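S.K.: Sequence first, then the predicted structure:
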Amino acid sequence: MGRDRFPTDPRRATVLGEIHARPFPLINLPRVVVTIAFMTEDGGDRDRAALAELSRRQGVPPPAADARTHSFIFGRGRLRWESHTEFSTYSWDGPPPSRFGEPVEGHPFGAEFDAPGPMIAGVHLEIRPKDDESEAALGIFDKTSFCYSEMEGGLAFAATDFRQDSDGLTRMLVLSDGLTPARAGALAMRLIDIEVYRTLALLGLPLAHDIGPTVQDLEEQLVHITDEMKGGTDDSRALLQEMTLAAAEVEAAAARVLYRFGASRAYDDIVRERLSSVGEQPVPGSESWSAFLQRRTAPAMRTCQSIDRRLATLSEKLSRAANLLRTRIDVELEHQNRDLLTSMDRRARLQLRLQQTVEGLSVAAIGYYVVGLFGYLAKALEEEGFPIHSTTMTAAFVPVALLAVWLVVRRIRRHHAD
């Protein structure tokens, strides 16, 4: 089949390229790897500018704008750059110093190196053959935090104290007992990832400490609000407003920690995955990498998880309390509406009675005027010789007039009612 026979999804190249985006380097012993991770706070613009300048100084074309990895020869070693979500790493591997712990020469991180952002982690890792001289170098590590484990099925032993040297780099020493260049490169990169990602995972801890008092205040405020609800306060609307403001504060705090805590969990998972992939086995008499990191980082991660859960619980409880308070306000409004309708019904009945009274008075008044008009007619008929006296005719006409006026008023009222 030809390559152009089928239409290709434009994302295919990116997906396939991701598998090979970060291959492990081939490391021949002895070798030193110096890796520094920088935070990219401006979206990576400064990082790419620094990398492009460094590439041009070495006579190498800068990477493409969408590149995530870039490597080139630098001195007697190779420099490799990798771009990640919120940080980038610069790794240089070259010949090691004559003795472990001595300053490394030939790396690019000297005075002329333009740091692309704040440094967050750094590693000085050396891979040497397992011999008496290399094992003697284990004595330079701090015994209070010394970690030493067997890895790669007994082909390597890795040591560190997770402390920084004079350059701010965490020192690591790998003693090879038969590692191939490919397995040495994979082991080196995984150990470096452990240091970089465990540092990034702990970035959530300062935020947890910072937001902890706010969460405690909100929890106390929730207790105060529920106590007032239980006490049956009359000012429900003011209480609802207070509850709404507290809920807004909780959501703002949750949004503030959402990314950082989520990233910390992801980085911690990567650390665990890297520890699992190196095939670590404890060495009798020494603390293993996994045990040390579990003892030191697990409490920090639990602190972040605790703050995250407390915020989620606060949000849920405030939502339930607000629903209860809204229900109580709705019931109060229904009672007020019922009382208002009762009052309106009473006013309507009073108005009807008044209307009926006015109608009665209006019948009498209109009847009076009609009878008065008829009186003029009766007087005129009397003067013309009508045999009945005008006063008698007027008196006889009074009930007729009142009945006629009442019937007319009743008919008008029924018409309005319809």
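M.R.: Received it, and whenever you're ready, just let me know what you need. Numbers count the residues shown, from 1 in each chain.
S.K.: mind checking the end-to-end distance for stretch 84-102?
M.R.: The first and final residues of stretch 84-102 sit 30 Å from each other (C-alpha to C-alpha, to the nearest Å).
S.K.: Give me the mean pLDDT for it.
M.R.: For stretch 84-102, mean pLDDT rounds to 90.
S.K.: Likewise for stretch 392-409?
M.R.: 78.
S.K.: What are the contacting residues of it?
M.R.: Contacts to stretch 392-409, defined as C-beta atoms under 8 Å, 6 or more residues apart in numbering, come from residues 359, 362-364, 366-367, 370-371, 374-375, 378, 381-382, 386. From N, CA and C alone the C-beta is placed, and that goes for glycine too.
S.K.: likewise stretch 341-359?
M.R.: For stretch 341-359, contacts defined as C-beta under 8 Å, 6+ apart pick out 409, 413.
S.K.: same thing with stretch 319-334?
M.R.: With contacts defined as C-beta under 8 Å, 6+ apart, stretch 319-334 is touched by 222, 225-226, 229, 236-237, 239-240, 243-244, 247.
S.K.: which among those gets closest to residue 297?
M.R.: Lowest distance from residue 297 to the contacts of stretch 319-334 (C-beta to C-beta) belongs to residue 222, with 31.0 Å.
S.K.: residues touching that closest one, list them.
M.R.: Contacts of residue 222 (C-beta under 8 Å, 6+ apart): 246, 314, 317-318, 321.
S.K.: Tell me the secondary structure of it, please.
M.R.: helix (DSSP: H, G, I helix; E, B strand; the rest coil).
S.K.: same check, this time on residue 353
M.R.: Taking three-state DSSP, the label given to residue 353 is helix.
S.K.: What helices and strands are in contact with the helix or strand harbouring residue 162?
M.R.: Per DSSP states H and E: residue 162 is located in strand 156-164. Applying 3 or more C-beta pairs under 8 Å, 6 or more residues apart in numbering; DSSP states H and E, we find strand 156-164 packed against strand 147-151, strand 170-176, helix 181-201, helix 289-383.
S.K.: try 10 Å this time
M.R.: Helices and strands touching strand 156-164, by 3 or more C-beta pairs under 10 Å, 6 or more residues apart in numbering; DSSP states H and E, are strand 119-129, helix 132-136, strand 147-151, strand 170-176, helix 181-201, helix 289-383.
S.K.: JSON lines please, covering those and showing mean neighbour count, mean pLDDT and distance to residue 73.
M.R.: Rendered in JSON lines, the data for these read as follows (neighbours: other C-beta atoms under 10 Å; pLDDT from 0 to 100; distance: least, C-beta to C-beta, whole Å):
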{"stretch": "strand 119-129", "mean neighbour count": "22", "mean pLDDT": "94", "distance to residue 73": "20"}
{"stretch": "helix 132-136", "mean neighbour count": "12", "mean pLDDT": "88", "distance to residue 73": "27"}
{"stretch": "strand 147-151", "mean neighbour count": "22", "mean pLDDT": "94", "distance to residue 73": "29"}
{"stretch": "strand 170-176", "mean neighbour count": "24", "mean pLDDT": "94", "distance to residue 73": "23"}
{"stretch": "helix 181-201", "mean neighbour count": "22", "mean pLDDT": "94", "distance to residue 73": "17"}
{"stretch": "helix 289-383", "mean neighbour count": "14", "mean pLDDT": "81", "distance to residue 73": "32"}
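S.K.: Okay then, goodbye and thanks.
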